[in-house]
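Chemist: mind looking at a prediction? Sequence and model below.
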Amino acid sequence: MVPARRSSKSMTRKRRAHHALKPRNIEACPKCSTAKLPHRACENCGYYNSKVSIKIKTEES
């Protein structure tokens, strides 16, 4: 089957209007105040849900 009519540019753009990227939801870590994603352990200190959940290796110079 072939479409009866070609879709106009405006109709195509209206359909794609919600395809834009949405900003990431970032919150501050309660322990070290660095930015982190919600429901994830902090990459800086490993803190999540009132305890340290992952051990972070520190660079020794």
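Modeler: Arrived safely, thanks for sending. Residues are numbered from 1 along each chain as shown.
Chemist: would you agree Arg16 falls within a helix?
Modeler: Yes: Arg16: assigned to a helix according to DSSP: H, G, I helix; E, B strand; the rest coil.
Chemist: run a quick neighbour tally on it.
Modeler: The number of residues packed near Arg16 is 9, by other CB atoms under 10 Å. Placement of C-beta: from N, CA and C, glycine included.
Chemist: show me where the protein has its strands.
Modeler: Here the chain has its strands, by DSSP state E, at 27-28, 35-36, 47-48, 51-52.
Chemist: partners of the second one in the sheet?
Modeler: Sheet pairing for strand 35-36, assigned by DSSP bridges, gives strand 27-28 (antiparallel).
Chemist: give the contact list for the most centrally placed residue in the chain.
Modeler: The centroid of the chain falls nearest to Arg24 when counting by CA atoms, centre = their mean (4.0 Å). Arg24 sits next to Leu37 when contact means CB atoms under 8 Å, 6 or more residues apart in numbering.
Chemist: relative to Ser7, how far out is it?
Modeler: To Ser7, Arg24 is 32 Å away according to CB to CB, to the nearest Å.
Chemist: kindly report the same for Ser33.
Modeler: 49 Å.
Chemist: ok now the lowest-mean-pLDDT helix or strand in the chain, how far from the chain's centre?
Modeler: The least trusted helix or strand in the chain, going by mean pLDDT, DSSP states H and E, turns out to be strand 51-52, with a mean of 72. How far strand 51-52 lies from its chain's middle: 23 Å, per CA atoms, centre = their mean, to the nearest Å.
Chemist: ok, now which ones touch the residue nearest to Cys45 when sequence neighbours are not counted?
Modeler: Spatial nearest neighbour of Cys45, excluding adjacent residues (CB to CB, 6 or more residues apart in numbering): Cys32 at 4.6 Å. Applying CB under 8 Å, 6+ apart to Cys32 gives the contacts 42, 44-45, 47.
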